[in-house]
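**Q** got a predicted structure here, sequence first:
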Amino acid sequence: MNIVRTKQLTRVYRGKEVVSNVNMSIKQGEIYGMLGPNGAGKTTVMKMLTNLVKPTAGEIEMFGERLTDTSYRLLGRMGTIIETPIFYEKLTARENLELHCAYMGYHNMKAIDEALELVNLRQIDGKRVSEFSLGMKQRLGIARAITTKPELLILDEPINGLDPLGIKELRDLFKMLCKQYGTTILISSHILGEIELIADTIAVMNDGKLLQEVSMEHIAKQTSEYIEITSLDSSKTAFVLENHLNISNVRVTDEGQIRIYDCPIPQSELMRALVLHDVAIEAVHKKKGSLEDYFLSILNGGGIVA
């Protein structure tokens with residue numbers, strides 16, 4: 001079942017299409033990651049899904065029903081963080097969540113303790129939100145989004161301001177919500193490695209267009225294995241590979257590593273040949289293409305990492 005479906009979703013702002021004919025489908029119980037550079041249109045799509053911005057054209061279906069200006073019941077079935085979460089700064093975290101539950105018509109006050117526990121915001125009673133760090137406010141925003149036990153979470157860059165430990169904690173939280181509670185999650189992040197660890201499906205956006213919607217399982221099958229060589233002289237290494245060893249599928253990365261795709265000889269023979277040609281090698285690793293490789297290939301007009 002599709003929790004969210006958009007048809008030709010378009011938004012025009014000052015004569016420019018900032019979102020153009022986006023068709024996306026989010027299945028129940030999956031984590032759906034939106035990727036794209038700044039200005040790609042990700043946040044605008046999320047705002048349209050939550051009725052914060054009205055589409056210029058196209059349709060949105062949520063939970064099998066068309067989203068309209070009066071779809072209050074549908075909106076009540078989701079939790080959101082869009083851009084920076086805003087709070088009543090002079091109130092405590094608990095007081096902010098109590099207000100949220102009140103205007104959502106949600107009366108299970110135990111859920112507040114559960115949400116604060118899940119995001120690791122304990123022992124903060126009496127502390128005003130104005131005294132919170134950026135990371136604490138981000139955690140509180142997620143607590144607010146999950147307090148009412150929503151069926152759909154829409155999270156725009158939810159791990160901003162968090163340290164590595166906090167990022168891992170929220171990664172585990174999102175996976176738990178999806179697996180144990182069946183919560184569907186739409187999440188955007190510029191940290192591709194995090195999306196790669198949790199997403200079931202990704203959508204790649206650029207210049208307001210949805211370039212590709214694809215499962216992570218499909219990406220895993222499409223991305224290629226390669227040998228990555230770090231040497232003191234990448235230009236010489238690439239020259240030896242192409243001109244002396246007749247290996248054509250060679251790419252030098254921006255960081256100076258040499259990648260060999262579909263290497264025609266065993267790695268041991270490759271290393272022996274490079275040493276014989278006086279190539280100074282620092283490291284050699286066999287790797288598999290990442291989500292970042294796939295993402296960049298799509299933005300550059302490709303389809304798969306080859």
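**A** Received, thanks. Just so we're clear, the structure is a prediction, and the values are computed from it rather than from any experiment.
**Q** wait, doesn't T201 sit right on M24?
**A** No. Using CB atoms under 8 Å, T201 makes no contact with M24, being 9.4 Å away. In short, each C-beta sits where N, CA and C put it, glycine included.
**Q** and stretch 79-98, C-alpha only, in PDB?
**A** The C-alpha trace of stretch 79-98 is given here as PDB (Å, rounded to 0.1, in the frame of the first residue of the first chain):
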ATOM      1  CA  GLY A  79       4.600  13.900  12.600                       C
ATOM      2  CA  THR A  80       7.000  16.400  11.000                       C
ATOM      3  CA  ILE A  81      10.200  18.400  11.200                       C
ATOM      4  CA  ILE A  82      10.500  20.900   8.300                       C
ATOM      5  CA  GLU A  83      13.600  23.000   8.400                       C
ATOM      6  CA  THR A  84      14.500  24.300  11.900                       C
ATOM      7  CA  PRO A  85      12.000  23.200  14.700                       C
ATOM      8  CA  ILE A  86      10.400  26.100  16.500                       C
ATOM      9  CA  PHE A  87       9.500  26.000  20.200                       C
ATOM     10  CA  TYR A  88       8.200  28.200  23.000                       C
ATOM     11  CA  GLU A  89      11.600  29.100  24.300                       C
ATOM     12  CA  LYS A  90      10.600  30.100  27.800                       C
ATOM     13  CA  LEU A  91       8.900  26.700  28.400                       C
ATOM     14  CA  THR A  92      10.400  23.400  29.200                       C
ATOM     15  CA  ALA A  93      10.600  20.500  26.800                       C
ATOM     16  CA  ARG A  94       7.700  18.700  28.700                       C
ATOM     17  CA  GLU A  95       5.600  21.900  28.600                       C
ATOM     18  CA  ASN A  96       6.200  22.200  24.800                       C
ATOM     19  CA  LEU A  97       5.200  18.600  24.300                       C
ATOM     20  CA  GLU A  98       2.100  19.000  26.400                       C
END
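**Q** state the distance from S231 to L241.
**A** 10 Å (CB to CB, to the nearest Å).
**Q** which neighbours do these two have in common?
**A** I258 (CB atoms under 8 Å, 6 or more residues apart in numbering).
**Q** between the two, which is the more surrounded one?
**A** Per other CB atoms under 10 Å, whichever of S231 and L241 has more neighbours is L241, with 23 against 20.
**Q** got phi/psi on the more buried one?
**A** Dihedral pair for L241: phi -60, psi -40, per degrees, to the nearest 10.
**Q** surely Y106 touches T147?
**A** Yes. The criterion here is CB under 8 Å, and Y106 meets it with T147 at 7.2 Å.
**Q** the two: which has the busier surroundings?
**A** Set side by side, Y106 and T147 show more neighbours around T147, with 24 against 16, by other CB under 10 Å.
**Q** partner strands of the helix or strand containing T10, with direction?
**A** In this structure, T10 is located in strand 2-13 according to DSSP states H and E. When pairing is defined by DSSP bridges, strand 2-13 lines up against strand 16-22 (antiparallel), strand 25-27 (antiparallel), strand 57-62 (antiparallel).
**Q** so what's the gap between the first one and the chain middle?
**A** On the basis of CA atoms, centre = their mean, to the nearest Å, strand 16-22 is displaced by 20 Å from the centre of the chain it belongs to.
**Q** show me which residues of it are buried.
**A** By neighbour count with 16 or more other CB atoms under 10 Å, strand 16-22 contains the buried residues 17-20, 22.
**Q** would you turn these into JSON lines with pLDDT and distance to M78?
**A** Converted to JSON lines, those look like this (pLDDT from 0 to 100; distance: CB to CB, whole Å):
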{"residue": "E17", "pLDDT": "95", "distance to M78": "26"}
{"residue": "V18", "pLDDT": "96", "distance to M78": "22"}
{"residue": "V19", "pLDDT": "97", "distance to M78": "19"}
{"residue": "S20", "pLDDT": "97", "distance to M78": "24"}
{"residue": "V22", "pLDDT": "97", "distance to M78": "18"}
